[in-house]
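In: how would this look folded up:
(chains A, B, C and D)
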Amino acid sequence: MSHAATVHSLWTAAAAEPPVRIPGPHIEYAQLSPTLIVLGAALLGVLAEAFLPRRVRHHAQLLLTVVGLAAAFAAVIALAAGGYAGDKARIAAMGAVAVDGPALFLQGTILLVGLVAAFTFAERRLEPMAHGRPVDSFAAQGAAVPGGEAERKAVAAGMTTTEVFPLVLFAIGGMLVFPAANDLLTLFVALEVFSLPLYVLCALARRQRLLSQESAVKYFLLGAFSSAFLLFGVALLYGYAGTVTYSGIADVVGGTTRTLDPALASTTGNDALLLIGGAMVLVGLLFKVGAVPFHMWTPDVYQGAPTPVTGFMAAATKVAAFGALLRLLYVVLPGMRWDWRPVMWGVAIVTMLVGAVVAVTQTDVKRLLAYSSIAHAGFILAGVIATTPDGVSSVLFYLGAYSFVTLGAFAVVTLVRDAGGEATHLSKWAGLGRRSPLLAAVFAVFLLAFAGIPLTSGFAGKFAVFKAAAQGGAAPLVIVGVLSSAIAAFFYIRVIVLMFFSEPKAEGPTVSVPSPLTSTAIALGVVVTLVLGVAPQYFLDLAGQAGTFVR
Amino acid sequence: MSFPLLTATAVVPAAGALATAAVPAARRTAAKWLALGVSLATLLLAAAQLVRFDPDAAGPFQLTESHAWIKDFGVRYDLGVDGISVVLIALTALLIPFVVLAGWHDADPLEDSSTRWRPTQGFFALILMVEAMVVIAFEATDVFLFYIFFEAMLIPMYFLIGGFGDRAGERGEAETAAQRSYAAVKFLLYNLVGGLIMLAAVIGLYAVTAHQLGTGTFSLTEIVQARADGRLEFATTTERALFLGFFFAFAVKAPLWPLHTWLPNAMGEATAPVAVLITAVVDKVGTFAMLRFCLQLFPEASKWATPVILVLSLISILYGALLAVGQRDIKRLIAYASISHFGFIVLGIFAMTTQGQGGATLYMVNHGISTAALMLVAGFLISRRGSRLIADYGGVQKVAPVLAGTFLVGGLATLSLPGLAPFVSEFLVLVGTFSRYPVIGVLATVGIVLAALYVLVLYQRTMTGPVAEPVRGMPDLRVRELVVVAPLIVLLLVLGIYPKPVTRIVDPAVEHTMSQVHQSDPKPDVHVNDVEAAK
Amino acid sequence: MNPANYLYLAALLFTIGAAGVLIRRNAIVIFMCVELMLNACNLAFVTFSRLHGNLDGQIIAFFTMVVAAAEVVIGLAIIVTIFRSRHSASVDDASLLKL
Amino acid sequence: MENLIGLLVLAPLLGAGVLLCGGRRLDRTGHWIGTLLAAASFVIGVVLFADLLGRPADDRELGTTVFSWVPVGGFRADVGFQLDQLSMTFVLLITGVGSLIHLYSVGYMEHDERRRRFFGYLNLFLAAMLLLVLADNYLLLYVGWEGVGLASYLLIGFWQHKPSAATAAKKAFLVNRVGDMGLSIAVMLMFTTFGTFAFGPVLEHADQAGEGKLTAIGLMLLLAACGKSAQVPLQSWLGDAMEGPTPVSALIHAATMVTAGVYLIVRSGAIFDAAPDAQTAVVTVGAVTLLFGAIVGCAKDDIKKALAGSTMSQIGYMILAAGLGPIGYVFAIMHLVTHGFFKAGLFLGAGSVMHGMNDEVDMRRYGGLRTYMPVTFVTFGLGYLAIIGFPGLSGFFSKDKIIEAAFARGGTEGWILGGAALLGAAITAYYMTRVMLLTFFGEKRWQPDADGKLPHPHESPRTMTIPMIVLAFGSVFAGGLFSLNDAFLKWLEPVTGHAEGDSPLTATQVTAATMVVLVVGVALAWAQYGRRPVPVTAPPGGLLVRAARRDLLQDDFNHVVLVRGGEHLTRSLVYVDHTLVDGVVNGTAASVGGLSGRMRRLQNGFARSYAVSMFGGAAVLIAATLLMRAV
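Out: Purely as a prediction, here's the structure:
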């Protein structure tokens, strides 16, 4: 009997049966608590926006955010202590979310990053007072036309966009799910959940709003474009395996799946679907990671977005996206390692080189850091490709180390200001070392960490990933990585030269004294950078224990 | 658990650096004295090492300290000294006080306008920091530990070169600054690239050990041991690749032709004391590392590469000397002279004879002292006239005889005149080379003629002849400057006449290295029994 | 008829959408093209779900619509702000950030 | 006794240290301190000499090892001394003549405010020279070898404010360095051949080594000797060295240092005996140089340069003798000693003449000085007679023997060498007579000096004349004393050994021949300079004359080939270093920058072009993945 008929009969048969009672989903709230707490806090934040008087909002929101994130972090710790990072690792929420070592490690990192980022969000001492009221670096009213009547009113009223806090909480919520997602649907939803708030946040800079908005548009359009790719990839994989859960797909890939209805042979197990689908999902993730050739949004968005947001994005997004990438490659596609590894090799090499080379001629600090982040994405990819437990732990470690350096660096950028707001053009940084040695020294530390000079976290991380790559048989990647870090060293050094060895300009920027908030962020960055550089063992152990995925 | 002498020797200057940096801007002089005191304290510790060190003790390393550090990377905090390193540590600790003293006024800010910017404190703090890192590098018996400080010491050096220079003189302030930061960047990039390539090799080493020993390790002794009892065997190509990775970094640092061009810029632009720091202290780490790591980790590859390396070092010797002759700038001239000398050192190391390697080690010490003497006096001269061009001088010996005299002694040491320290080492290197590679030995000997040429030309153009106008009324060496130079000259004489104390310590270590490389000296044709030989 | 054809249609729609993104200048249109791509995905999901005979695909399609809706909200908001400040919705005009 | 040997070296060394580091406060007494210490070491020398004489002839060797200098592996260099008849002879010559010249310098350098340093340098030289002749191994000898080079450098360039002096000093040191290179290579060869370079074992086992090695060693030693003793081809520095103060020329560049080469060869006799080819090279060099120097000596108008040429020539004789092996060793040393006396005397005489003539050196501007400075005239005259080999005076005995030995070499070689030696004797007679006539006879040809005042010659002070007189005695009687029943031969034989060659000519025939050529030479000179007046400015002269005036163009050769060539080489290398070696690196950096700039332009700010790159990327990614599966 014809193919279609079979399907039809099956269909009607299904309908003919008495309606089955659909069991209510069973949710392990405890194990999902970190995410739930953050999202809950975000919702409260929205309510606060609605009902709290404007005066108290800022503090209320800050408090809410900090408490929420801290609580979530505590929950993560509790789970890890409860052994979920190890033997008790499991799939929760009907197979939607994994609670295992990598997930918890990354969630912890994201939460800490979010916490520190929240501090920089809340900084209100840098911008000059607006009519006696302290304001942060976000637009007085996002919707108002730049330089328009509404904006002037909003400024006069000393309005501030306290919505950023709930937004960032939503984003964090999404990021928590992203690396833990255990089926492609959750992956997609989480991706959107953390992307959409970021699009908005990008548009909310107080100064240079045109740039800010432009960056938002670009980020949004390209982001949507990429997520479309991802979704189509999901569709194809679904078509391939008939399921979207990682384990299910992995089974089909591994050929260990139960016998299928021969009628479906045309789709199921059709490798073309698998390969194309997998590639398209990768595209979506590589976009978020900022790997070449999906990197082009990075510099523009990093430059246009408000610097605290940039810092947050650069740090947290990378963590989440790499987490998801790891899980996808290690849980879903290990069976087809020999298909994607060469491709990823290419991507990693191109990413490292392009990031390093293009950065050489940058003239804007934020763009420079953007390209440097691209180069670093390449380094991390080298670790990802290792496909060994060492590879996982090294990547986890690198992400932890890198995110704090990045946060710190961008936090420093927020402090160097002139009349037009932040002075991000490199020429204005000339002689900064003479004006304020301390700040310049701190920034130099971050740059050296980026450059991977020994005794900084950057070196430990780089060594870890390269070591994993070398052991994973990717020696050429190590060579390329070494070369590109040599190139990269050049432009980090250039900034240092600029700060210390060139005479200060007459009307150069001033370094404004931040509130304890930003100071803490920077200090934390320095501390982590040095500690992970000098005594990384404890954190390596942590990453090492968190190195195995559950499926 | 005895007193961790090695750690202390590194920690004291490091702590001193931080303390110096912390001295308030106004108390400039205090910072200087503090730095001097710290450097002297370090010298005491180094002396203590020499005392505690027993040349005849069994085992490669002494005064060892060992602590776990980064388990995941197989990295341990392993310190230990053999005869070679203990001597070089002593040299370092010995030179730093002179460097500090010689640079006493080099970092005084021209105007006391800014209160936050504290160049003086920074200058001396950086010097001490370099000392600390160099000392650790000499002491490390863990490849990774060594690598870390081998790389890290670039940063303070970089700031020293780029941040402080001679007064502008004829060239405008801007021009000078540009030149200086170019030199600094060049220095850093050259060495960084070298270091990164070495990093690849280090990782490779880990991969190999991890693969064959189960757990990756960087401990020199462990690897050597494992190779000895066959648990660890490098594939030929692997060993060669790793060797090249290591050697490249060291060759840049040394520096060996054609990787040398950063040195003249760096030494030319930096102040004389910093130049001394570069050539007499930091660069020694490179040659030292060839002896300790290249040869001991990769004996076979070392032997394989020997011919090429010998030729390169021969080129360095002659090329450096010839370029020195062609220089118009005093400091650059000395820099090229140093390149020539480093050629001798590398030659000695890879000649694979006791004389060669012992001579090379001795050479490192002597070259350190002689270059320090010459360079510092040159610095004093330059500081008086504000120009580095040879052409701007003439007839100095008429107005400043002591300065000229010390300069001449330094020069004679540089051309390794018998009776002064460098002669002994240079001759040992030549003999060591000659006894295995006669042709190269003979060609290298040509270097001593060229050395005479550039030294004497320099002396003639600057010191002799009619007194040049700008030189007129130039003050002779001041007390502080004499205090710097005199001891160095005395040392040159003493070590020239009685080098035994040093050779005594170095010899066993060299023997050990030789045994690592499975090399023994060639035997003479005619067997003259030792009783007679000893006569 | 062979359900594979629906897949071809989906692929076609997806490509058309992608091409639209690459070709059209107006932000709104580009955005609509993205929506088209998403809907192509939906079609694919539904088709596959039909082929596999399980409902996951159809459910996913609903999720996709919701997400798309959310995207519309954000997207339009952003595009509108930039339109109001620039009086143009052409993405090519928004090219201050470059090099 | 042994300890005294060390003292011998230490005394002048101490003097050098004190005088050079002492500072201005020693300016008044410095020269006396120097002289005293020199004299002291002479006294010690005499004491040791007495001690040696007191011993049986075969046991006249004192040895002592002071300390082990450089022990590295199998390489052992000690600081040890060895005093045998050979060294003793040198010690006496060095300290004796040295002390005299110290004394002379007291007067000569009276008006120089840097006199203290001058004496410091002189003492330094004595110490180094003594070390050279007393060392018991080649490496220590090398130390002394370069030490005298340094002293000579410092003394030639003593008047550093004169660029010519500075240049001459540099040249001397450099040319010597070339020789030193030979010596160091020789030492290395010894080390690789014998495993040691102490005199004892090396010379003892010399015959056991392969002849090739020995020849190599010998040639290297010869190279060293050429450098130090100004033999062809490394002779060019000696003429310029006359820039130094005259006492220096007398002591270092006539009596002692320049003879070190002879010492080296005689000392290493055992090696040369076993390497005939090396010996041939030695005699060739000697013969060539003795003619070369003589010819140059004829053409120079500068009195010191003329004497310098003569020195070269005389040392040529010694080298020739030394090259003849056991036949000649003794006579080489003997001539060396007598030459030390009369040549030093001649130089001191020249110095005293210059002293009287406001430092005028051009002989054509002298003339008729015999009446004005009688003492100088007499002593100089005696020296003159001695050097031309006037019967009965020192030179006669020593040089005659050498000519004999040269013939005794036998075969055509013998004839050639002997002929060369004879010819040399003739030319010597000629140019020395020329010097004599131009300086002391004929009419006054004095010219006003730079600041226009005519010289008024006068006899020099006592401090200067006394040494001249003493040396004159030496130049008269030394040869005779030595030849009294072959005293000198017996004295040296145990060390150097001696053999009688079979000369085709009898001793008397040789003597007769020498006399003839001597007369001829003198007659020629008289004919040219005695009979007719001498033009104040030198006539253009023939090709040979002009060549000879320019040291037979040898300097020009050096200048063109070595100096010019070297300059070009260095200049081009500097260029290479800057453009090539450095250029490559900078080029790489620049190209990376350029690449970066170009890639940067891809980031053109248009969202759609970004989308294009994404789309393309996705396409490539997918294609690649499929491809991977396909292959």
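
In: And the next helix or strand past the host helix or strand of residue B:156?
Out: Per DSSP states H and E, residue B:156 falls inside helix B:154-163. For helix B:154-163, the following helix or strand on the C-terminal side (DSSP H and E) is helix B:173-213.

In: mind listing what's buried in the helix or strand following that next one?
Out: Using DSSP H and E, the helix or strand that follows helix B:173-213 in sequence is helix B:220-228. For helix B:220-228, a neighbour-count test (16 or more other C-beta atoms under 10 Å in any protein chain shown) marks B:220-223, B:226-227 as buried. C-beta: built from backbone N, CA, C; applies to glycine.

In: of those residues, closest to residue D:24?
Out: residue B:220 (56.3 Å; C-beta to C-beta).

In: still on that earlier bit, now pLDDT too, for the buried residues of helix B:220-228, in TSV please.
Out: As requested, the buried residues of helix B:220-228 are exported to TSV (pLDDT from 0 to 100):
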residue	pLDDT
B:220	89
B:221	88
B:222	89
B:223	90
B:226	89
B:227	87
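
In: Among those residues, which one lies nearest to chain A?
Out: When the buried residues of helix B:220-228 are ranked by distance to chain A (C-beta to the nearest C-beta), residue B:223 comes first, at 16.4 Å.

In: isn't residue D:402 right up against residue D:335?
Out: Yes. Residue D:402 lies in contact with residue D:335 (C-beta atoms under 8 Å); the separation is 5.9 Å.

In: just checking, what packs against the strand ranked longest in chain D?
Out: Counting by DSSP state E, the longest strand found in chain D is strand D:62-72. In this structure, strand D:62-72 packs against helix B:354-385, helix B:421-436, helix B:500-516, helix D:2-22, helix D:30-53, strand D:75-83, helix D:138-156, with contacts taken as 3 or more C-beta pairs under 8 Å, 6 or more residues apart in numbering or on different chains; DSSP states H and E.

In: of all the ones you listed, which lies closest to residue A:331?
Out: helix B:500-516 (48.0 Å).

In: Provide the secondary structure category for residue A:532.
Out: Under DSSP: H, G, I helix; E, B strand; the rest coil, residue A:532 falls in the helix class.

In: Not counting residues beside it along the chain, what's closest to it?
Out: residue A:457 (3.4 Å; C-beta to C-beta, 6 or more residues apart in numbering or on different chains).

In: thought the one you found was touching residue A:401?
Out: Yes. With contact defined as C-beta under 8 Å, residue A:457 reaches residue A:401; the gap is 3.7 Å.

In: picking up where we left off before, and the longest strand of chain D, which strands flank it?
Out: Using DSSP bridges, the strands paired with strand D:62-72 are strand D:75-83 (antiparallel).

In: okay, and for the chain, where does confidence drop off?
Out: No chain in the question, so chain A it is. A:1-19, A:256-269 (pLDDT under 70).

In: let's do chain B instead
Out: B:1, B:110-118, B:167-171, B:527-535.

In: As a check, name the ranges of all helices in chain C.
Out: C:4-23, C:27-52, C:56-86 (DSSP state H).

In: Shouldn't residue A:98 be within a strand?
Out: Yes. Using three-state DSSP, the secondary structure at residue A:98 is a strand.

In: ok, the closest residue to chain D within chain C to residue A:299 distance?
Out: At 2.8 Å from chain D, residue C:98 is the closest residue in chain C, using C-beta to the nearest C-beta. Note on residue C:98: its distance to residue A:299, by C-beta to C-beta, to the nearest Å, is 9 Å.

In: what's the overlap in contacts for residue A:457 and residue A:401?
Out: Common neighbours of residue A:457 and residue A:401, counting by C-beta atoms under 8 Å, 6 or more residues apart in numbering or on different chains, are A:449, A:528-529, A:532, A:536.

In: which among those residues gets closest to chain D?
Out: residue A:449 (22.3 Å).

In: and that closest one, what is it in contact with?
Out: A:401, A:405, A:456-459, A:529, A:533.

In: From the contact counts, what lies against the helix ranked longest in chain A?
Out: The helix that spans the most residues within chain A, counting by DSSP H, is helix A:209-241. Where contact means 3+ C-beta pairs under 8 Å, 6+ apart, helix A:209-241 is packed against helix A:184-202, helix A:246-254, helix A:271-289, helix A:297-304, helix C:4-23, helix C:27-52, helix C:56-86, helix D:607-630.

In: Show me what counts as buried in the third one.
Out: In terms of neighbour count (16+ other C-beta under 10 Å), helix A:271-289 has its buried residues at A:273-289.

In: close to chain D, is that helix?
Out: Yes. Part of helix A:271-289 sits near chain D under the criterion C-beta under 8 Å from any C-beta of the partner chain, namely A:271-272, A:275-276, A:278-280, A:282-283, A:287.

In: and the angle from that helix to helix C:27-52?
Out: 140 degrees (axes from the mean of the first three to the mean of the last three C-alpha atoms, to 10 degrees).

In: Hey, what's the angle from helix A:271-289 to helix A:246-254? Just curious.
Out: 130 degrees.

In: same question, the longest one
Out: Orientation check (the same axes, to 10 degrees): helix C:56-86 against helix A:246-254 gives 110 degrees.

In: Tell me the secondary structure of residue B:259, please.
Out: Classified using three-state DSSP, residue B:259 is coil.

In: Excluding its own residues, what touches the helix or strand residue B:406 falls within? List them.
Out: Using DSSP H and E, residue B:406 maps to helix B:401-414. Helix B:401-414 has contacts (C-beta under 8 Å, 6+ apart) with B:334, B:337, B:341, B:366, B:369-371, B:373-375, B:377-378, B:380-381, B:396-397, B:420-422, B:451, B:455-456, B:458-459, B:462-463, B:476-477, B:482, B:485, B:489, B:492, D:20, D:150.

In: check contacts around the closest residue to residue A:203 other than its chain neighbours.
Out: In space, and not counting its chain neighbours, residue A:203 is closest to residue A:216: 3.5 Å by C-beta to C-beta, 6+ apart. Residue A:216 sits next to A:199-200, A:202-203, A:304-305, C:78, C:82 when contact means C-beta under 8 Å, 6+ apart.

In: one more time with 10 Å
Out: A:142, A:198-205, A:301, A:304-305, C:74-75, C:77-79, C:81-82, C:94 (C-beta atoms under 10 Å, 6 or more residues apart in numbering or on different chains).

In: And residue B:371, by the same measure?
Out: Neighbour list for residue B:371: B:95, B:267, B:275-276, B:278-280, B:283, B:334-335, B:337-338, B:341, B:378, B:410, B:413-414, B:422, B:488 [criterion: C-beta under 10 Å, 6+ apart].

In: now with 8 Å?
Out: So residue B:371 contacts B:276, B:279-280, B:334, B:337-338, B:341, B:414 (C-beta under 8 Å, 6+ apart).

In: I'd like those residues written out as TSV, with neighbour count and secondary structure added.
Out: Formatted as TSV, those follow (neighbours: other C-beta atoms under 10 Å in any protein chain shown; DSSP: H, G, I helix; E, B strand; the rest coil):
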residue	neighbour count	secondary structure
B:276	28	helix
B:279	27	helix
B:280	27	helix
B:334	29	helix
B:337	30	helix
B:338	29	helix
B:341	30	helix
B:414	27	helix
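
In: and which of the residues you listed is nearest chain C?
Out: Nearest member of the contacts of residue B:371 to chain C, counting by C-beta to the nearest C-beta, is residue B:279, at 42.1 Å.

In: does the closest one really touch residue B:336, like I thought?
Out: No. Under the criterion of C-beta under 8 Å, residue B:279 makes no contact with residue B:336, lying 10.9 Å away.

In: can you pull the buried residues of stretch A:436-453?
Out: So for stretch A:436-453, counting by 16+ other C-beta under 10 Å, buried means A:436-437, A:439-440, A:442-453.
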